[in-house]
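Colleague: Fold the following and give me the result.
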Amino acid sequence: MTTRYTQPIQTIADIEARERQPYDSLIPARNLHDLFEATARLHPDRPALTVLNEGSGEPGDVTLTHRQLRAQITRAANLFRSLGIDVNGGTIAFLCPILPQLFPALLGAQIAGVASSINYLLNEDAIADLLGAQNAAVLVIASEAADRAIWTKAANIVSRVASLKTVFVMGAHGRLAGRALNFDEAVATMRDTMDFEPSQDRETVCALFHTGGTTGRPKFVRLTHGNQIHAAWSFAQVHGLDELDAAINGFPLFHVGGTMTVGLSILAAGGHVIIPSPYSLRSPDAIRDYWRTVERFGATIVSGVPTSIAALAEVPIGSSDISSVRMALTGGAVAPKAVSERFEARTGITLFETYGMTETAAAIAFNPGRGTPVQGSVGFRAPFAQTKIVALTDATLKTECPPLTSGLVLVRGPQVFPGYLDPQHNKGVLTDDHWIVTGDVGYLTADQRLVLTGREKDLIVRSGHNIDPAAIEDVANAFPGVQMSSAVGMPDAYAGEVPILFVVPSPGKNVDMPQLCAHLERNVNEPPARPKRVVLLEALPVTAVGKIFKPALRDLAVQEKVRSEIDRIFGRETGADILVDKDARLNTLVTISICSNDQERVKALTESLTPLPQTYRVETRSS
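Modeller: Coordinates of the predicted model:
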């Protein structure tokens with residue numbers, strides 16, 4: 001599915017021109033295997049996938065051509081199918097950093113059946129719950145030598161998951177004790193031609209992604225072959241991808257950013273995906289060596305969530321030649337304006353924002369890669385898809401907003417998932433006519449670019465990582481003396497937002513705050529979900545029917561952030577009024593009136609607030 005285009009997409013008219021052609025003539029692939037058969041035939045000896053050991057140029061780096069990648073994918077598919085795995089059986093789960101074998105194995109698993117890549121940073125209880133909920137029949141883990149922490153977690157989990165029949169170890173040497181099998185040895189015995197006929201139905205589910213789940217309530221997004229094929233094609237079309245592109249993939253493979261945005265889209269276009277380390281850009285060495293890696297591979301595309309982009313802006317380019325780079329991709333969260341401007345100023349690389357969800361295989365809107373991105377906009381819709389903005393006050397979701405008027409963002413198209421593994425999770429997310437309610441608030445410009453202005457839903461997005469507030473609230477509510485708690489996102493210059501927890505004590509009870517914080521540190525599953533601040537309230541704001549009113553809490557979170565910056569710069573005794581409001585487009589406006597004539601400190605406060613996603617104005621007044 002290479003993307004040789006006669007007219008690069010630069011406007012909505014170019015997207016509409018694509019849509020006047022028959023869909024199946026543009027996208028003939030029926031399953032993921034078709035994509036790799038095509039690229040192996042068209043570009044057999046061009047590089048397809050490189051996985052670096054640590055940083056740039058270390059022993060253990062591996063590169064596969066498109067012919068070799070297709071062969072490895074096919075062998076993995078044959079191996080999993082030989083175990084009796086198909087779309088109707090249990091899933092094939094992966095708990096592994098990005099070893100050279102992982103991406104081909106993950107793709108092969110999707111061709112044979114249903115694959116699931118699990119966030120290895122989760123604790124053992126959460127991982128065990130996820131494996132049980134998806135009825136995992138096969139688990140592929142990293143060897144002890146590759147990652148001792150993952151190995152230890154897996155060793156403690158395997159006996160707790162009744163559905164598991166086979167455990168493969170990736171990156172092991174020699175025979176393994178117990179029930180575990182050597183994946184590398186087993187896959188090497190397979191043929192590199194298909195032993196079975198892959199599904200010809202694009203609607204066949206082939207992947208599960210866990211999102212927003214907590215212990216006791218795992219939530220899985222189902223994605224089909226068609227969802228992923230369409231998303232990959234859409235990225236390739238709008239970003240102008242082809243076999244000459246080499247992209248450094250800064251996302252993990254348990255995230256659609258890694259598998260789709262800078263994964264399948266590049267591979268299916270015949271391009272070259274470079275994984276900078278087994279842990280993506282979580283590796284300090286990968287960050288340190290980033291620009292040398294760009295030069296080494298002649299990378300044309302660099303990528304990462306906004307926090308990674310911020311980190312890369314601080315890495316000196318030095319003598320590295322990065323003239324090959326034509327674009328930087330970021331997504332997973334809205335990039336703060338200050339981060340975008342700093343990155344572009346220091347690197348000379350234009351930053352292109354994308355917008356998607358796990359439920360849309362990452363593909364909702366894109367700034368065109370052969371055009372000019374607009375700061376603050378996430379770009380145009382995917383081809384053959386629809387985006388509409390509906391009034392927040394209309395529960396029927398029928399009242400569409402005119403251009404430049406903010407409302408709830410809804411999306412429909414071939415990339416939209418068929419629903420969650422547990423149908424109960426579909427309520428309020430998928431409409432009867434298959435629009436997905438994104439939970440994001442935004443507006444469309446006159447030329448059909450999408451601008452996001454906030455979120456209607458409760459999800460906390462930290463550095464592109466989705467955090468379910470219930471993951472924090474359930475833990476806090478179990479602590480002695482806590483009557484009720486509620487978690488929301490607090491603005492943060494680096495991560496976009498971080499969790500803050502508001503707590504109400506039980507009547508007549510005192511909450512031991514240091515002990516509560518220690519309890520949260522021990523028992524919240526994921527480190528990113530642990531709240532950065534815990535605040536006591538007499539009562540939580542509620543609606544007329546008694547539901548917690550999270551918009552008011554988000555305003556309180558903004559005030560807490562501002563107050564912390566005032567205390568840091570001026571000291572705790574400084575008087576200030578903090579007003580949080582909305583403009584006509586529902587952008588958050590924050591006005592700070594502070595008792596001070598110290599202009600240097602006022603300037604420092606203004607500068608500390610500028611990188612935050614909201615708009616801030618600092619005024620001074622006499623006491």
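Colleague: for the strand or helix carrying residue 285, packing partners?
Modeller: Following DSSP states H and E, one finds residue 285 within helix 284-288. For helix 284-288, the elements it packs on are helix 306-313, judged by 3 or more C-beta pairs under 8 Å, 6 or more residues apart in numbering; DSSP states H and E. C-betas here are computed from N, CA, C, even on glycine.
Colleague: May I see the buried residues of the helix it packs on?
Modeller: 306, 307, 308, 309, 310, 311, 312, 313 (16 or more other C-beta atoms under 10 Å).
Colleague: Grab the CA positions of the next helix or strand after that helix and hand them over as PDB.
Modeller: With elements assigned by DSSP H and E, the helix or strand that comes after helix 306-313 is strand 327-330. The C-alpha trace of strand 327-330 is given here as PDB (Å, rounded to 0.1, in the frame of the first residue of the first chain):
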ATOM      1  CA  MET A 327       8.500  17.000   9.800                       C
ATOM      2  CA  ALA A 328       8.000  16.200  13.400                       C
ATOM      3  CA  LEU A 329       4.800  14.500  14.600                       C
ATOM      4  CA  THR A 330       3.300  14.800  18.000                       C
END
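Colleague: Could you please name the strands strand 327-330 pairs with and the direction of each pair?
Modeller: Pairing partners of strand 327-330, with direction, according to DSSP bridges: strand 301-303 (parallel), strand 351-355 (parallel).
Colleague: can you pull out the strands in the stretch 301-450 of the chain?
Modeller: 301-303, 327-330, 351-355, 365-366, 377-381, 386-390, 407-412, 436-444, 450-455 (DSSP state E, counting those that start in this stretch).
Colleague: Tell me the strands beside the fifth one, with direction?
Modeller: Here the strand partners of strand 377-381, with direction, are listed using DSSP bridges: strand 365-366 (antiparallel), strand 450-455 (antiparallel).
Colleague: Which positions are bridged to residue 621 in the beta structure?
Modeller: residue 595.
Colleague: so what secondary structure elements neighbour the lowest-mean-pLDDT helix or strand in the chain?
Modeller: Every helix and strand of the chain was ranked by mean pLDDT, DSSP states H and E. The lowest is strand 465-467, at a mean of 80. Secondary-structure packing of strand 465-467 (3+ C-beta pairs under 8 Å, 6+ apart): strand 460-462.
Colleague: Show me what the strand it packs on is in contact with.
Modeller: 332-333, 455, 466-469, 487-489, 492, 495-499, 528-529 (C-beta atoms under 8 Å, 6 or more residues apart in numbering).
Colleague: Can you show me the helices along the stretch 451-600 of the chain?
Modeller: 469-477, 513-523, 550-570, 599-609 (DSSP state H, counting those that start in this stretch).
Colleague: Relative to residue 147, which of those is closest?
Modeller: The closest of the helices of the stretch 451-600 of the chain to residue 147 is helix 513-523. By C-beta to C-beta, the value is 22.9 Å.
Colleague: Who are the packing partners of that closest one?
Modeller: Helix 513-523 sits against helix 469-477, strand 533-536, with contacts defined as 3+ C-beta pairs under 8 Å, 6+ apart.
Colleague: tell me the mean pLDDT for the longest one?
Modeller: In this case it means helix 469-477. For helix 469-477, mean pLDDT is 85.
Colleague: so how far is residue 11 from the residue lying closest to residue 350 once chain neighbours are set aside?
Modeller: Once flanking residues are discounted, residue 350 sits nearest to residue 327: 6.0 Å by C-beta to C-beta, 6 or more residues apart in numbering. Here the criterion is C-beta to C-beta, to the nearest Å. By it, residue 327 lies 17 Å from residue 11.
Colleague: With neighbour numbers in mind, choose between the two.
Modeller: Ranked by neighbour count (other C-beta atoms under 10 Å), residue 327 and residue 11 place residue 327 first, with 21 against 14.
Colleague: per-residue pLDDT, the more buried one?
Modeller: 95.
Colleague: The least confident helix or strand of the chain pairs with which strands, parallel or anti?
Modeller: When DSSP bridges is applied, strand 465-467 pairs with strand 460-462 (antiparallel).
Colleague: Return the distance of the partner strand from the chain's centre.
Modeller: 10 Å (C-alpha atoms, centre = their mean, to the nearest Å).
Colleague: in that strand, what counts as buried?
Modeller: 460, 461, 462.
Colleague: will you turn the residues you listed into a markdown table that also has pLDDT?
Modeller: Below are the buried residues of strand 460-462 laid out as a markdown table (pLDDT from 0 to 100):
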| residue | pLDDT |
| --- | --- |
| 460 | 87 |
| 461 | 85 |
| 462 | 87 |
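Colleague: which of the residues you listed lies closest to residue 352?
Modeller: For the buried residues of strand 460-462, the nearest to residue 352 is residue 461 (18.9 Å; C-beta to C-beta).
Colleague: Skipping adjacent residues, who's closest to residue 608 in space?
Modeller: Closest to residue 608 by C-beta to C-beta, 6+ apart is residue 565, at 5.0 Å.
Colleague: Check the strands paired with strand 327-330 for me and report the most buried one.
Modeller: Of all the strands paired with strand 327-330, strand 301-303 has the most neighbours on average by mean count of other C-beta atoms under 10 Å, namely a mean of 28.
Colleague: could you give the mean pLDDT of that strand?
Modeller: The average of the pLDDT scores along strand 301-303 is 96.
Colleague: Residues in contact with that strand: which ones?
Modeller: 239, 245-251, 257, 261-262, 266, 290, 294, 312, 325-330, 349.
Colleague: Got the confidence number for residue 215?
Modeller: Reported pLDDT at residue 215 in the predicted model: 38.
Colleague: Please apply the same query to residue 339.
Modeller: Looking at residue 339, its pLDDT reads 75.
Colleague: wait, it sits on residue 311?
Modeller: No. Shown here, residue 339 and residue 311 do not form a contact pair, counting by C-beta atoms under 8 Å, at 9.9 Å.
Colleague: rewinding a little: as CSV, could you dump the C-alpha coordinates of whatever helix or strand comes next after the helix holding residue 285?
Modeller: Later in the chain than helix 284-288, the nearest helix or strand by DSSP H and E is helix 290-297. Taking Å, rounded to 0.1, in the frame of the first residue of the first chain, the C-alpha atoms of helix 290-297 are listed here in CSV:
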residue,chain,number,x,y,z
TYR,A,290,18.6,11.3,19.3
TRP,A,291,20.1,13.7,16.7
ARG,A,292,23.0,11.3,16.0
THR,A,293,20.3,8.6,15.3
VAL,A,294,18.6,11.0,12.9
GLU,A,295,21.8,11.6,11.0
ARG,A,296,22.7,7.9,11.0
PHE,A,297,19.5,6.9,9.3
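Colleague: Which other helices and strands does helix 290-297 contact?
Modeller: Against helix 290-297 (3+ C-beta pairs under 8 Å, 6+ apart) you get strand 246-248, strand 272-275.
Colleague: model confidence over it, on average?
Modeller: Averaging pLDDT along helix 290-297 yields 96.
Colleague: likewise stretch 510-530?
Modeller: The model assigns stretch 510-530 a mean pLDDT of 92.
Colleague: Next: stretch 587-606.
Modeller: Average pLDDT, stretch 587-606: 90.
Colleague: Next: stretch 421-431.
Modeller: Averaged across stretch 421-431, the pLDDT comes to 92.
Colleague: just how off-centre is it within its chain?
Modeller: For stretch 421-431, the distance to the chain centre is 20 Å (C-alpha atoms, centre = their mean).
Colleague: which residues touch it?
Modeller: For stretch 421-431, the external contacting residues (C-beta under 8 Å, 6+ apart) are 133-134, 208, 218-222, 359, 397, 410, 419-420, 436-437.
Colleague: neighbours around residue 261, how many?
Modeller: When neighbours are counted by other C-beta under 10 Å, residue 261 registers 30.
Colleague: scratch that, residue 35 is what I was asking about
Modeller: Using other C-beta under 10 Å, residue 35 has 25 other residues around it.
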